[in-house]
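Visitor: Give me a 3D structure for the following:
(chains A and B)
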Amino acid sequence: MAGMTMLSDQGLRMDGRRPTELRKLSCRLGVFTQADGSAYIEQGNTKVLATVYGPHEVTGAKSKALHDRVLVNCQYSMATFSTGERKRRPRGDRKSIEMTLHMQQTFEAAILTQLYPKSQIDIFVEVLQSDGGNYCASINAATLALIDAGIPMKDIVCACSASFMKETAVVDINHLEETHAGTEIVMAILPKTEQIVFLQINGRLHEDHVPKVIDMGMKGCRDVHTVLTQTVQSHIADAMATMGE
Amino acid sequence: MSAANEVRAYQRKEYLLKFLEQDVRPDNRGLGDTREAKLTLGAISTADGSAMVKLGHTVAVCGIKAEITRPPTDKPDSGVIIANVQLPAMCAPEFKSGPPSEKAQVLSDFVQQVLLDTGMIDRTQLCIESGLHCWILYCDVICCNYDGNIRDAVLLAAVSALKDVSLPMAQYDAEQENLTIDKDRKRQLTLSCMPVSLSFTLFDDAVLLVDPTHEEETVCQGQITVITSGGDSICSVSKHGGASLNPEQLTLCISKAKQRWCDISKLMTSNHL
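Guide: Numbering: from 1, shown residues only, chains lettered A, B, ... in the order given. Here you go, the predicted model:
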């Protein structure tokens, strides 16, 4: 877009952030009563709800049950009012199905699936307001909901996006940057072992720059991890305090 | 599992009866007490109007998106309002994912009927140019947590979101045949009244429970909904399902619904300031 600078001469981005700075990340655990686990996350202007049910008996066709591990069933849905233009279908369109599949693969890698053979875990994600980084916010929200449900995982899965503009790697891009920067990488990691469980690069990026951007994404994920850990710890401290009463 | 929890899980009716004998309900309310209602307006900036309603543990979010469309042929000076309620699989364990359930469709119709039949919104204010352009308001309500009395929650969410709507100014130039939309200048909708509903259920054909939780709804029969719009005007009274109701109980329902309107009205004004 003409007249718009993605990165100013002072090194600031369009929303005033520095290249290494995340958007404001605030989250809450245990927001709903009906679900076994639930969480709400705000990553800048992106707002996501996640709920988890299970492990429970496999619903629907029993043939879906896996004899050696749990069936992870995800559903990614975007509210019709979450985007600039009204969305016709909240779920079931190609983008949502792709997101659903990616989430499922990510969590199959993180959950200790072998502990619950022939059972099912449902992860439902609802994007209420979208401003870029929907996948990352959904993963982060779903991780918190899984923790709230007490489902054993290898580690807290943390997701973050990054991009490359004006020879600089930038972290956690918003919708405007997503649409104008040209390239976007999305990644989810297990921070303790620094394992990448999900990585996707969209758009052109020179081979030499790839490590820089991935490093930036990793750094973003570690920062997200700090916030998520704090939230979980304070949630548990609150729960312990009420138990003591 | 403790003995009390066992009764709660397997003998739900007996469990509720134990409480009702003491004139109290499992969540510590009296028989005639409603749950605390909480309202947040305009939390979703991508929507043209939005509201989040909490009724005890029941949570409903409504977002309204406005689009331009052609007015209906039988009413060329009027805009369109479409209400839709979703009960996604996330809101309670018994809901399944897939196409909208019967319950969700009934709820959508209920909200749509109330918004249109009460005349709360004069739809001519949604018209931009007679017969050519008008606004269409999509009111999408999502239930996030289902803990009973969903009707009151979705209706309150839809009505308060309509109150929060601000539409960009639109102008039609007949000579140039050009429609311009000025997103910087916005206007609010004028609502002539505010319908507020209050629902009840009956336990054992006799005990009237106001604002039931999900647990109570599963063992009670019938649903009574009274919608008032301030003062002495009643918009609608409906009673569905098994149990029968006597006239005195109905009078009680109506007086409680009028009280409810005052409470909700106060809640709304405090939110608007």
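Visitor: what does the helix or strand hosting B:A51 rub up against?
Guide: Using DSSP states H and E, the element containing B:A51 is strand B:49-55. Outside strand B:49-55, the residues within contact range by C-beta atoms under 8 Å, 6 or more residues apart in numbering or on different chains are A:81, B:35-44, B:59-64, B:149, B:152-153, B:156-158, B:160-166, B:211. All C-beta atoms are positioned from the backbone trio N, CA, C, and that covers glycine.
Visitor: Phi, psi for the residue of chain A found nearest chain B please.
Guide: Here chain A gets closest to chain B at one residue, A:F81, 2.9 Å apart by C-beta to the nearest C-beta. With angles defined as degrees, to the nearest 10, A:F81 sits at phi -100, psi 10.
Visitor: Report how many residues lie close to it.
Guide: 27 (other C-beta atoms under 10 Å in any protein chain shown).
Visitor: which residues does it contact?
Guide: A:F81 sits in contact with A:K87, B:I44, B:T46, B:A47, B:S50, B:G63, B:I64, B:K65, B:Y138, B:D140, where contact means C-beta under 8 Å, 6+ apart.
Visitor: which SS class is the closest residue to it other than its chain neighbours?
Guide: By the measure of C-beta to C-beta, 6 or more residues apart in numbering or on different chains, the closest residue to A:F81 outside its immediate chain neighbours is B:G63, 2.9 Å from it. At B:G63 the chain is in strand, as set by DSSP: H, G, I helix; E, B strand; the rest coil.
Visitor: what sits against B:G63?
Guide: A:79-82, A:128, B:44, B:46-47, B:49-50, B:140, B:142, B:161.
Visitor: ok, back up a step: among the contacts of strand B:49-55, which ones are in helices?
Guide: Of the contacts of strand B:49-55, the ones assigned to helices by DSSP state H are B:D152, B:A153, B:L156, B:A157, B:A158, B:S160, B:A161, B:L162, B:K163, B:D164.
Visitor: Which residue ranges of chain B form strands?
Guide: Taking DSSP state E as the test, the strands found in chain B are B:37-41, B:49-55, B:58-69, B:80-86, B:127-129, B:133-145, B:166-173, B:178-188, B:196-203, B:207-210, B:221-228, B:234-240.
Visitor: What angle do helix B:150-164 and the strand holding B:A51 make with each other?
Guide: 150 degrees (axes from the mean of the first three to the mean of the last three C-alpha atoms, to 10 degrees).
Visitor: Give the partner strands of strand B:49-55 in its sheet and their orientations.
Guide: strand B:37-41 (antiparallel), strand B:58-69 (antiparallel) (DSSP bridges).
Visitor: chain center to that strand: distance?
Guide: 9 Å (C-alpha atoms, centre = their mean, to the nearest Å).
Visitor: Can you tell me the closest non-neighbouring residue to the residue in the stretch 151-273 of chain B that chain A sits nearest to?
Guide: Closest contact between the stretch 151-273 of chain B and chain A, by C-beta to the nearest C-beta, is at B:H214 (7.6 Å). The shortest distance from B:H214 to any non-neighbouring residue, by C-beta to C-beta, 6+ apart, is to B:G148 (4.0 Å).
Visitor: Just the local confidence number for the one you found, please.
Guide: On pLDDT, B:G148 comes in at 91.
Visitor: how near is B:Q86 to chain A?
Guide: B:Q86 is 7 Å from chain A, where distance means C-beta to the nearest C-beta, to the nearest Å.
Visitor: For the residue nearest to B:T124 when sequence neighbours are not counted, give me its contacts.
Guide: Excluding the flanking residues, the one nearest B:T124 by C-beta to C-beta, 6+ apart is B:D77, at 5.2 Å. Going by C-beta under 8 Å, 6+ apart, B:D77 touches B:P71, B:T124, B:C127, B:S130, B:G131.
Visitor: The second one: neighbouring residues, count only.
Guide: By the criterion of other C-beta under 10 Å, B:T124 has 13 neighbours.
Visitor: now swap in the one 3 residues further on and tell me
Guide: Using other C-beta under 10 Å, B:C127 is surrounded by 19 other residues.
Visitor: doesn't B:I136 make contact with it?
Guide: No - using C-beta atoms under 8 Å, B:C127 is not in contact with B:I136, being 11.1 Å away.
Visitor: Chain A contacts on chain B?
Guide: Neighbours of chain A within chain B, by C-beta under 8 Å from any C-beta of the partner chain: B:44-47, B:50, B:57, B:59, B:61, B:63-65, B:67, B:84, B:86, B:88-93, B:96-97, B:138, B:140, B:142, B:144-147, B:214.
Visitor: Any quick PyMOL command for the buried ones out of those?
Guide: Filtering these down to the buried ones (16 or more other C-beta atoms under 10 Å in any protein chain shown) takes a single PyMOL command:
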select buried, chain B and resi 44+46+47+50+57+59+61+63+64+65+84+86+88+89+90+91+92+97+138+140+142+144+145+146+147+214
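Visitor: tell me which parts of chain A are close to chain B?
Guide: Going by C-beta under 8 Å from any C-beta, the residues of chain A near chain B are A:31-35, A:38, A:45, A:47, A:49, A:51, A:53, A:56, A:59, A:75, A:77, A:79-84, A:86, A:90-91, A:122, A:124, A:126, A:128-131.
Visitor: Please check the residues you listed and keep the buried ones.
Guide: A:31-35, A:38, A:45, A:47, A:49, A:51, A:53, A:59, A:75, A:77, A:79-83, A:86, A:90-91, A:122, A:124, A:126, A:128-131.
Visitor: In strands only, show me the residues you listed.
Guide: A:S38, A:K47, A:L49, A:T51, A:Y53, A:Q75, A:S77, A:D122, A:F124, A:E126, A:L128, A:Q129.
Visitor: Just put the residues you listed in TSV and tack on pLDDT.
Guide: Compiled in TSV, those are given as follows (pLDDT from 0 to 100):
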residue	pLDDT
A:S38	95
A:K47	96
A:L49	96
A:T51	96
A:Y53	95
A:Q75	94
A:S77	94
A:D122	95
A:F124	96
A:E126	95
A:L128	95
A:Q129	95
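Visitor: quick one: which of those is nearest B:P195?
Guide: Relative to B:P195, the closest of those is A:L128; by C-beta to C-beta it sits at 25.1 Å.
Visitor: where's B:M120 relative to A:I97, distance?
Guide: 38 Å (C-beta to C-beta, to the nearest Å).
Visitor: A:V224: what's its closest spatial neighbour, skipping adjacent residues?
Guide: A:V224 sits nearest to A:C158 (C-beta to C-beta, 6+ apart), 4.4 Å away.
Visitor: Oh, that last question was meant for A:N134, not what I typed.
Guide: A:V127 (5.4 Å).
Visitor: Counting neighbours, what do you get for the one you found?
Guide: 26.
Visitor: Quick one: list the elements packing against the least confident helix or strand in chain A by mean pLDDT.
Guide: Least confident helix or strand, chain A: helix A:175-181 with a mean of 87, by mean pLDDT, DSSP states H and E. For helix A:175-181, the contact count by 3 or more C-beta pairs under 8 Å, 6 or more residues apart in numbering or on different chains; DSSP states H and E identifies strand A:158-165 as packing neighbours.
Visitor: Name the nearest residue to the spatially most central residue of chain B, ignoring sequence neighbours.
Guide: Geometric centre of chain B, nearest residue: B:L155, 1.1 Å, by C-alpha atoms, centre = their mean. Of all residues not flanking B:L155 in the chain, B:S197 sits nearest, at 5.0 Å (C-beta to C-beta, 6+ apart).
Visitor: Just list whatever residues bridge to the one you found.
Guide: Beta-bridge partners of B:S197, as defined by DSSP bridges: B:I227.
Visitor: On the pLDDT front, check it for me.
Guide: At B:S197, pLDDT is 95.
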